[in-house]
Structure formats: structure tokens, C-alpha cells
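[1] A structural model of the following input is requested.
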Amino acid sequence: MAKTRIYYLPHCGTCKKVLASLNTHTCQMINIKDQPITEAELEEMKDLAGSYAALFSKYAQNYKKMGLKDKALSEEDMKSLILSDYTFLKRPVILKSKSINIGNPENNPKLKN
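    Down below sits the predicted model:
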């Protein structure tokens, strides 16, 4: 069975809250600042989530700085932004078997301990 992978940022408040509620000692922890997401990893996330929009964070500081809130972003735009700046990925992203949870695991009972 594949190991559960958790993509996170150690300084992210949501990540801290979510990780504190999970048993992570058997998980593969991936700090997205130190280990950038690959295109293949992002594709896998998108396939499970259904879209790049589901993975895209409008709360990233650069979202406002870059004037993106005033633009209609395509799926390809979101993909490129996530790959170029880790802060555009909603977090944490938890991949377990063939399921994905983005943000709070309470939204996905399969991920609860």
C-alpha cells in the first residue's frame, strides 16, 4: 500500500492545525517550500481533485500583488502559477491511496485517524 503523502508548509496556520489532528508518523511529509511540487505530482493532484481551480489558493500574498484577482485565470494559468510559486497551492494537500483532501480533513472522513 502506498504511503500517505502530505504536502504542507511548516509556517502555515491551517497546516499546523490539520497536522496536529493527524497521526503523521507513517506519512511522507513534503515541505513544498524546500521540495517544490513537480508537474507530475500536480497532475496527479489535479486528476484526483478534478481541476487546478480546486488546488489554487486565492489567499496567496502574490495573488493580490500580481493583480490576479482582477483577471479571469484559466486552468493552465493556475497550473503555471502553482508550479512557479508554491504559495498558490491550497494546503495541506493529503494524498491517501486514490483520494485527495485539500485543506481541512474534516471535509473527508476517510482521512480522520
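[2] which stretches of the chain form strands?
    Assigned by DSSP state E, the strands in the chain fall at 5-8, 28-31, 93-96, 99-102.
[3] Ok, which of these comes nearest residue 71?
    Across the strands of the chain, residue 71 has its closest neighbour in strand 99-102 (22.2 Å, Cβ to Cβ). All C-beta spots, glycine's among them, are computed from the backbone N, C-alpha and C.
[4] now that closest one: how far from the chain's centre is it?
    Offset of strand 99-102 from its chain centre (Cα atoms, centre = their mean, to the nearest Å): 9 Å.
[5] Ok, stretch 60-68 next?
    Using Cα atoms, centre = their mean, the offset of stretch 60-68 from its chain centre is 18 Å.
[6] Now do the buried residues in that stretch.
    The neighbour-count check on stretch 60-68 (16 or more other Cβ atoms under 10 Å) flags 60, 63, 68 as buried.
[7] Likewise for stretch 24-44?
    Buried residues in stretch 24-44 (16+ other Cβ under 10 Å): 24, 27, 30, 32, 37, 41, 42, 44.
[8] Max pairwise distance over these: which two?
    24 and 42 (21.7 Å).
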